[in-house]
Every structure is written in structure tokens, then in C-alpha cells.
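A.B. asks: Provide a 3D model corresponding to the input given below.
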Amino acid sequence: MPDWVESLRWVILYVVWAVLVLRLPALRRPSQRPVWLVLLALATGSLVIQAGVAHWIDDTTGIAKASELAVALVALTDFAAVWWFAVALHSAGHPTPAWLRRAPAVCAGTMAALAVVFFALAPAADRFGARAHGWWVPYAVAWIGYGLITAVGAGALFWRHGVTMRSPVLRLSMLALAVGTTAEVPYLVIRAIRWFTEAPQELALAGFWCSFTRFVLVALGCSLAALEPLRRAAVYWYRRQRLHGMWILLRQATPDLLVVAPRSRVPDLLAFGDSWEQLHQRVVDIRDSITFLHDGWASPELLREAARHAAAATGGDGGRLVATACWIEATRRDAVGGAPKLHLELDKDLLPEVRAGESTVHREIRHLLRLHRALRSRPVRAFADARPWATPGATA
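C.D. replies: This is a model prediction of the structure:
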């Protein structure tokens with residue numbers, strides 16, 4: 001075995017342990033619990049196979065090869081947890097029969113009971129040997145059958161969902177898990193051949209690489225899946241911060257809409273709660289303020305002049321965005337300056353388009369940020385300063 005294999009294994013295990021600690025809160029969420037338990041099984045297995053730990057288990061129990069039974073129990077837990085994760089992923093968007101939701105736990109419990117029974121019945125020399133003899137034959141058959149059921153069951157679901165995931169990170173995670181669980185199948189076939197026949201060394205080496213591929217891809221796939229909620233929360237937090245300037249500008253101009261005072265920059269930076277809900281609320285607040293300004297202080301003359309000024313300032317390129325910014329800035333100044341509301345029936349053409357769904361939030365935010373830049377641009381400020389209907393003193 002090349003030296004880099006062992007080095008890579010330890011690097012991956014360090015990553016797994018780091019993710020486990022970082023994502024401890026996932027235990028509180030049923031949808032995120034399976035992937036955390038897969039990583040826990042991988043991390044626990046990495047400890048149990050250490051020579052010192054194995055000797056301690058054997059010495060403490062006084063039972064020959066008890067450490068190898070512990071490794072087997074951790075491994076079958078890993079197999080079941082991966083399958084459980086796949087079933088939970090599928091259940092999130094599809095009706096799933098109760099027997100399938102219970103299958104990973106039932107199969108794991110059955111295999112664990114069989115492993116303990118056959119371990120107790122088999123002589124110490126036959127336990128976990130290179131070839132299966134006596135009572136270890138039914139154990140080998142049960143283990144191969146259990147491994148194939150979990151690998152095929154999980155792999156089929158990961159392949160199905162991996163190719164349809166919209167999130168690039170989750171798609172990569174699911175495809176890694178799909179390839180990893182698929183690589184488990186030839187490993188199990190090779191293990192069965194080696195248990196019951198004389199197999200060449202090359203076949204054992206092929207089995208090792210299949211097993212190592214499974215270990216690497218399942219660990220990385222689960223790590224990505226476990227970190228995805230954290231990454232998404234950070235992205236939503238960042239996008240909310242980018243909208244802070246426009247949000248404050250418009251909310252200060254529309255105090256009638258406020259339920260609570262807008263947070264200043266520092267408290268807003270430290271607000272980590274439900275990141276998607278806070279981002280969505282910020283977009284809604286901005287939209288509400290824009291609509292409030294439109295309905296309260298805009299007039300047909302203002303909208304026509306804004307469109308005409310934008311066309312002249314931009315040559316038609318980006319004119320709608322600049323026109324929208326022109327009337328927003330003009331009405332904002334009127335609102336801040338205390339100008340009386342007009343409440344006119346107006347065309348809605350120059351209201352920004354609404355794309356506030358989660359799947360389109362990035363486009364929504366980019367549009368609002370472009371609008372914010374336009375509000376601070378020289379043509380828009382010139383329009384608001386020069387318009388004949390400007391309210392004296394309302395140039396804040």
C-alpha cells in the first residue's frame with residue numbers, strides 16, 4: 001500500500017472529526033441527523049481499528065477478537081446510517097412506505113444480533129479469518145447479503161437524486177456518495193470470493209481499492225452534505241449584509257411601515273438566527289418601502305420625467321433601472337422632507353419586478369443591488385436635485 005494512502009486516510013479522518021464538532025447542532029434537526037451519524041460511525045471506526053484500542057478492548061473483555069467484533073458492529077452501523085441517510089433524503093420529497101423508512105434500522109439490528117450470535121458460536125480460531133469455516137460460514141453469508149442490500153439500496157437513491165440536485169454542492173455530495181456506495185458492491189463480491197475460495201493477491205488488492213474508494217467518497221460526500229446548511233446560512237447572511245445600506249435608506253424614509261426600529265450595522269452583523277428568513281424579510285421590507293413610496297408620493301408627471309431623464313442619461317441602455325431609481329430617490333426625498341402624500345392611481349410599469357422566491361433570491365438581490373447603485377449615481381441625484389417639484393429641504 002502506498003504511503004500516500006495512509007496519509008490521505010488520516011487527512012480525511014481529521015476533516016470528519018472537524019465536521020462532527022462543527023455540526024453538533026445537526027443532532028437537533030431530524031433531517032440532518034443521519035449524515036452526522038454516518039460521519040460518527042466513520043470516525044469511531046477509525047479509532048476502533050487502532051492497535052492500541054484493539055488491544056484494550058481484547059484485554060478489558062478477556063474475549064479473543066472482541067475488538068474485531070467491535071469493528072464489525074461499527075461497520076454495519078456505518079452501512080445502515082448511509083442507507084438511512086439516502087432514505088431520509090428520498091423521503092423529504094417523495095412518499096416513502098413505512099417499511100422502507102424502518103428497513104435500515106431493522107436490517108442493522110438483525111445483522112448485529114447475528115454477528116454476536118455467530119461470534120459466540122464460532123471457535124476463536126474461526127472468527128474473522130481469511131477463509132470462512134464452520135459457524136463463520138453463515139456469518140459470512142449474512143454479512144455479504146446485508147452489505148449488498150444496504151449498498152444497492154443507498155446507491156440507487158443517491159444516483160437518483162444526485163443527478164437532479166439543483167445545488168452544485170449537494171449534487172457533488174450526492175454523486176460522491178453514489179459512486180462510493182456503488183464501489184462497495186465489487187468490494188463485497190471480492191470479499192465473498194476470498195472467504196470461500198483461494199483468491200489471487202491481485203483480487204485482494206482490487207478489493208482494497210474498492211473499499212478505500214468507498215471510505216474516501218462517503219466521508220467527503222457526507223462532510224459536504226453536513227456542511228451545506230452552514231455554507232448556505234453564511235451565503236444568506238452575506239447577501240443580507242449587502243442589502244443593509246438600501247434597506248436602512250428606504251426604511252428610514254417609510255417609518256409608517258416599521259413594527260420595530262431597523263437594526264444598526266453592528267447588531268445586524270451579529271444576527272445569525274434563521275438566515276434565510278432574515279434575508280427574505282429584508283427583501284420584503286425593501287419591496288414594501290418601494291411600493292409605499294410609489295403609492296404615496298409618485299405622480300404621472302414624475303414617472304414620465306424619470307423615464308425621459310433616464311433615456312437621455314443612458315442612451316436607452318439600462319434606462320428602466322435608472323428611471324426606477326429616479327422616481328424612488330425623488331419620492332424618498334419627499335417622504336423624508338414631510339411632503340404630503342398624493343395617493344394617485346398610477347401605472348405599475350416602473351415598479352421593480354418581484355423575484356422573491358428562494359430559488360431566485362440571488363437574481364432578486366443582484367437586481368436590488370444594481371438599483372441601489374443607481375440610486376447613488378450622478379444622473380439620479382441630478383434628477384432629484386433639479387426636478388421642479390422638488391420639496392425645499394427634502395434632499396437628504
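
A.B. asks: tell me which element residue 290 falls in.
C.D. replies: Under the criterion of DSSP states H and E, residue 290 resides in helix 275-297.

A.B. asks: next structured bit after that helix?
C.D. replies: Trace forward from helix 275-297 with DSSP H and E and the next one is helix 300-314.

A.B. asks: can you mark which positions in that following helix are buried?
C.D. replies: For helix 300-314, a neighbour-count test (16 or more other Cβ atoms under 10 Å) marks 302-303, 305-307, 309-310, 313-314 as buried. For the C-beta atoms, the positions are set from N, CA and C on the backbone; glycine is no exception.

A.B. asks: go on, stretch 30-38?
C.D. replies: Within stretch 30-38, judged by 16+ other Cβ under 10 Å, the buried ones are 32-38.

A.B. asks: quick revisit: what does the helix holding residue 290 rub up against?
C.D. replies: Contact partners of helix 275-297, identified using Cβ atoms under 8 Å, 6 or more residues apart in numbering, comprise 232-234, 236-237, 239-240, 243, 246-247, 250-251, 253-254, 256-257, 271, 327-328, 330-332, 334-335, 339, 341-343, 346, 348, 350-352, 354, 356, 358, 361, 364-365, 368.

A.B. asks: how about the helices in the stretch 101-250 of the chain?
C.D. replies: Secondary structure of the stretch 101-250 of the chain (DSSP state H, counting those that start in this stretch): helices at 136-162, 168-196, 201-242, 244-253.

A.B. asks: tell me which of the ones you listed approaches residue 323 most closely.
C.D. replies: When these are compared by Cβ to Cβ, helix 244-253 sits nearest residue 323, at 17.3 Å.

A.B. asks: show me what the closest one packs onto, helices and strands only.
C.D. replies: If contacts are counted by 3 or more Cβ pairs under 8 Å, 6 or more residues apart in numbering; DSSP states H and E, helix 244-253 sits against helix 275-297, helix 319-337, helix 361-375.

A.B. asks: list the buried ones in the longest one?
C.D. replies: So that's helix 275-297. Quick answer for helix 275-297 (16+ other Cβ under 10 Å): 275-276, 278-280, 282-283, 285-287, 289-297.

A.B. asks: the last one now?
C.D. replies: Of the residues in helix 361-375, 361, 364-365, 367-368, 371-372, 374-375 count as buried by neighbour count, 16+ other Cβ under 10 Å.

A.B. asks: and residue 155, what does it touch?
C.D. replies: When contacts are counted by Cβ under 8 Å, 6+ apart, residue 155 touches 86, 178, 181-182, 184-185.

A.B. asks: swap in 7 Å and give it another go.
C.D. replies: Residues in contact with residue 155 (Cβ atoms under 7 Å, 6 or more residues apart in numbering) are 178, 181-182.

A.B. asks: is the residue lying closest to residue 124 once chain neighbours are set aside in a helix, a strand, or coil?
C.D. replies: Distance criterion Cβ to Cβ, 6 or more residues apart in numbering; nearest residue to residue 124, sequence neighbours excluded, is residue 64 at 3.9 Å. Here residue 64 is recorded as coil under DSSP: H, G, I helix; E, B strand; the rest coil.

A.B. asks: wait, isn't residue 204 in contact with residue 191?
C.D. replies: No - here residue 204 lies out of contact with residue 191, judged by Cβ atoms under 7 Å, at a distance of 9.4 Å.

A.B. asks: okay, those two: which has more neighbours?
C.D. replies: Legend: neighbour count by other Cβ atoms under 10 Å for residue 204 and residue 191, higher for residue 191 (20 against 14).

A.B. asks: just the pLDDT at the residue lying closest to that one once chain neighbours are set aside, thanks.
C.D. replies: In space, and not counting its chain neighbours, residue 191 is closest to residue 207: 6.1 Å by Cβ to Cβ, 6+ apart. What the model reports for residue 207 is a pLDDT of 93.

A.B. asks: what score does the spatially closest residue to residue 193 that is not a sequence neighbour have for pLDDT?
C.D. replies: The shortest distance from residue 193 to any residue other than its chain neighbours is 5.2 Å, reached at residue 199 (Cβ to Cβ, 6+ apart). As predicted, residue 199 sits at a pLDDT of 83.

A.B. asks: same check, this time on residue 28
C.D. replies: pLDDT for residue 28: 86.

A.B. asks: that one: neighbour count?
C.D. replies: Counted with other Cβ under 10 Å, residue 28 comes out at 8.

A.B. asks: against residue 93, how distant is it?
C.D. replies: Going from residue 28 to residue 93 by Cβ to Cβ, to the nearest Å gives 22 Å.

A.B. asks: so what's the backbone phi/psi at the residue nearest to residue 171 when sequence neighbours are not counted?
C.D. replies: Distances taken as Cβ to Cβ, 6+ apart put residue 165 closest to residue 171, at 3.9 Å, once the chain neighbours are dropped. Torsion angles at residue 165 (phi, psi; degrees, to the nearest 10) stand at phi -60, psi 130.

A.B. asks: grab the nearest non-local neighbour of residue 362.
C.D. replies: That would be residue 239: by Cβ to Cβ, 6+ apart, it lies 7.6 Å from residue 362.

A.B. asks: wouldn't the one you found be in contact with residue 365 here?
C.D. replies: Yes - look at residue 239 against residue 365 with Cβ under 7 Å: they come within range, at 5.1 Å.

A.B. asks: related to what we said a few turns ago, identify the farthest-apart pair in the buried residues of helix 300-314.
C.D. replies: With Cβ to Cβ as the measure, no two of the buried residues of helix 300-314 lie farther apart than 302 and 314, at 18.0 Å.
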